[in-house]
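Novice: Dropping a prediction and its sequence here:
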Amino acid sequence: MQKIIAANWKMYKTRPEAAQTAAELALALADGTPHDRLVLVFPPFMAVDVVAEVFTGKKNLAVGGQNFYPAGQGAFTGEISTGMLNDVGATWVLVGHSERRHVFNESDELIARKTAFALAQGFKVMLCVGEMLHEREAGRLRDVLSRQLSTALDPLPEALSGALAERLVVAYEPVWAIGTGKVAGPVEVQEAHAALRALLADILGETAAELPILYGGSVKPANAFGLVGLDNVDGLLVGASSLEAQSFLQIIGS
Ligand code: PGA
């Protein structure tokens with residue numbers, strides 16, 4: 001399975017700053033990505049077009065939107081549609097990121113609608129799941145992951161199931177490890193990824209074996225190599241350490 005290394009730039013970088021970092025990445029990866037990896041960047045909305053432009057024609061580099069509202073168009077002040085993202089060159093979207101769930105109170109139900117909508121619009125979806133510290137400490141890891149996955153994927157119309165193997169990626173990001181500097185240890189990561197693989201098999205059957213499961217949460221150049229080598233870890237989703245091209249390039253090369 002091709003490993004995926006994704007950058008989530010969150011609410012960082014103006015357009016010129018994003019263009020500069022994207023250009024540094026594209027230049028360094030001009031001859032292909034190390035180990036044939038797929039590299040994704042989720043810039044803030046205002047910079048999706050400039051990053052897409054820099055990545056045009058570059059094999060193994062793609063751009064995504066960090067968010068969208070699941071409707072074609074309408075009276076949804078402040079929101080962005082998948083059509084608008086498509087128009088500026090995004091082919092991926094993030095859904096269910098912990099900051100959307102916990103800072104912006106997105107419900108499992110909204111996340112399910114977003115997942116189905118983006119897939120129906122032809123986007124590739126990175127569905128993020130992960131438990132809070134008190135949930136893990138209470139032994140509820142599997143329950144939380146099960147609820148998040150089944151609410152997002154169970155209501156998928158039959159017609160979309162065929163698209164999943166090609167267009168769905170799951171990112172496991174324990175909430176307590178995001179932006180905290182606290183990386184989950186190999187045992188914790190493997191436990192969660194094995195649980196996710198089994199839960200996906202329950203929900204999706206054979207397709208589950210082909211779905212990439214990424215790890216995210218305080219990934220840095222110093223720990224990327226160890227994480228990406230673990231069983232069932234098919235890539236990484238990187239926040240803070242993806243903001244500087246040099247640091248993200250080291251992670252891509254891990
Ligand atoms: P972090 O963020 O790498 O800064 O912990 C990861 C994420 O939120 O996707």
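Specialist: Thanks, I have it.

Novice: Now do the helices in the stretch 51-200 of the chain.
Specialist: Ranges of helices within the stretch 51-200 of the chain are 82-87, 98-102, 108-120, 133-137, 141-153, 158-161, 164-167, 186-204, based on DSSP state H, counting those that start in this stretch.

Novice: Distance from the chain centre to the longest one, please.
Specialist: The gap between the average C-alpha position of helix 186-204 and the chain average comes to 16 Å, counting by Cα atoms, centre = their mean, to the nearest Å.

Novice: same check, this time on the fifth one
Specialist: Its chain's C-alpha centre lies 16 Å from the corresponding centre of helix 141-153 when counted by Cα atoms, centre = their mean.

Novice: between that helix and helix 108-120, how big is the angle?
Specialist: Orientation of helix 141-153 against helix 108-120 (axes from the mean of the first three to the mean of the last three Cα atoms, to 10 degrees) gives an angle of 50 degrees.

Novice: Which positions in helix 141-153 come out as buried?
Specialist: Neighbour-count burial for helix 141-153 flags 141, 144-146, 148-153 (criterion: 16 or more other Cβ atoms under 10 Å). Bear in mind the C-beta positions are built from the backbone N, C-alpha and C, glycine included.

Novice: which parts of the stretch 51-200 of the chain sit against the ligand?
Specialist: 173, 178-179 (Cβ under 6 Å from any ligand atom).

Novice: are any of the residues you listed buried, and which?
Specialist: Judged by 16+ other Cβ under 10 Å, buried ones among these: 173, 178.

Novice: and the residues of the stretch 51-200 of the chain next to the ligand, which of them are in strands?
Specialist: Nothing among these maps onto strands, per DSSP state E.

Novice: what's the closest of the residues of the stretch 51-200 of the chain next to the ligand to residue 13?
Specialist: Nearest to residue 13, judged by Cβ to Cβ, of those is residue 179 at 16.2 Å.

Novice: rewinding a little: could I get the helices of the stretch 51-200 of the chain as a markdown table with mean pLDDT and distance to residue 224?
Specialist: Formatted as a markdown table, the helices of the stretch 51-200 of the chain follow (pLDDT from 0 to 100; distance: least, Cβ to Cβ, whole Å):
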| stretch | mean pLDDT | distance to residue 224 |
| --- | --- | --- |
| helix 82-87 | 98 | 28 |
| helix 98-102 | 96 | 20 |
| helix 108-120 | 95 | 27 |
| helix 133-137 | 91 | 22 |
| helix 141-153 | 95 | 23 |
| helix 158-161 | 75 | 32 |
| helix 164-167 | 84 | 25 |
| helix 186-204 | 94 | 12 |
